[in-house]
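*Asks:* return atomic coordinates for the entry below.
(one chain, ligands or ions: 1)
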Amino acid sequence: MTERLLVEIDHVAIAVKDLDAAIEWYALALGAEVAHRERVEHDGVEEVLVKVAESYVQLVSPTREDSPVAKFLATRGEGLHHIAYRVADCAEALEAVKRAGVRVIDEAPRPGSRGTMIAFLHPKSSFGTLVELVQEGARSPG
Ligand code: CO
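*Replies:* Numbers count the residues shown, from 1 in each chain. Got it, this is the predicted structure:
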């Protein structure tokens, strides 16, 4: 058994075609405001974070055609893309997950948005849902 790794839900990510339309819907329908917006070149996405208590809803949209999110939209359409769990230490959590025999996408933690360190687990080994581990405050936000 792995010791308890999950601190909180960091974010639930929803793939959208039109980021500004999604932001507008969240504001109009739910009164929700954007807390953070960032382009993540490595992943070919632009994302916004809508804060809900201590967690976020992440609206994510591709910035180029070869982005994994562009492929996701082309094959599955808009909708739930991944769930991200906050962990105390991304490297330690990733090692624990690998020791438990889980297939991973990222063999080592890498920079995410908001100065986080992140790692993705493979959806084939997590019931069809892409899972992300997030450590906050790991780098200075930039
Ligand atoms: Co994410």
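*Asks:* what about residue 59, which helix or strand?
*Replies:* strand 55-62 (DSSP states H and E).
*Asks:* pull up the pairing partners for that strand, direction included.
*Replies:* Strand 55-62 has its sheet partners listed here by DSSP bridges as strand 6-15 (parallel), strand 45-52 (antiparallel).
*Asks:* can you add mean pLDDT and give those back as JSON lines?
*Replies:* What follows is those, written out as JSON lines (pLDDT from 0 to 100):
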{"stretch": "strand 6-15", "mean pLDDT": "97"}
{"stretch": "strand 45-52", "mean pLDDT": "96"}
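*Asks:* across the sheet, point out what pairs with the residue nearest to residue 93 when sequence neighbours are not counted.
*Replies:* Distance criterion Cβ to Cβ, 6 or more residues apart in numbering; nearest residue to residue 93, sequence neighbours excluded, is residue 87 at 4.0 Å. Yep, even glycine has a C-beta here, placed from its N, CA and C like the rest. Beta-bridge partners for residue 87, by DSSP bridges, are residue 6.
*Asks:* tally of neighbours for residue 87?
*Replies:* Using other Cβ atoms under 10 Å, residue 87 has 27 other residues around it.
*Asks:* number of residues surrounding the residue nearest to residue 51 when sequence neighbours are not counted?
*Replies:* In space, and not counting its chain neighbours, residue 51 is closest to residue 35: 4.2 Å by Cβ to Cβ, 6+ apart. Residue 35 has 13 neighbours, counted by other Cβ under 10 Å.
*Asks:* cool, the one 5 residues further on as well?
*Replies:* The burial metric for residue 40, expressed as a neighbour count using other Cβ under 10 Å, is 16.
*Asks:* quick one, what contacts it?
*Replies:* 46, 47, 112, 113 (Cβ atoms under 8 Å, 6 or more residues apart in numbering).
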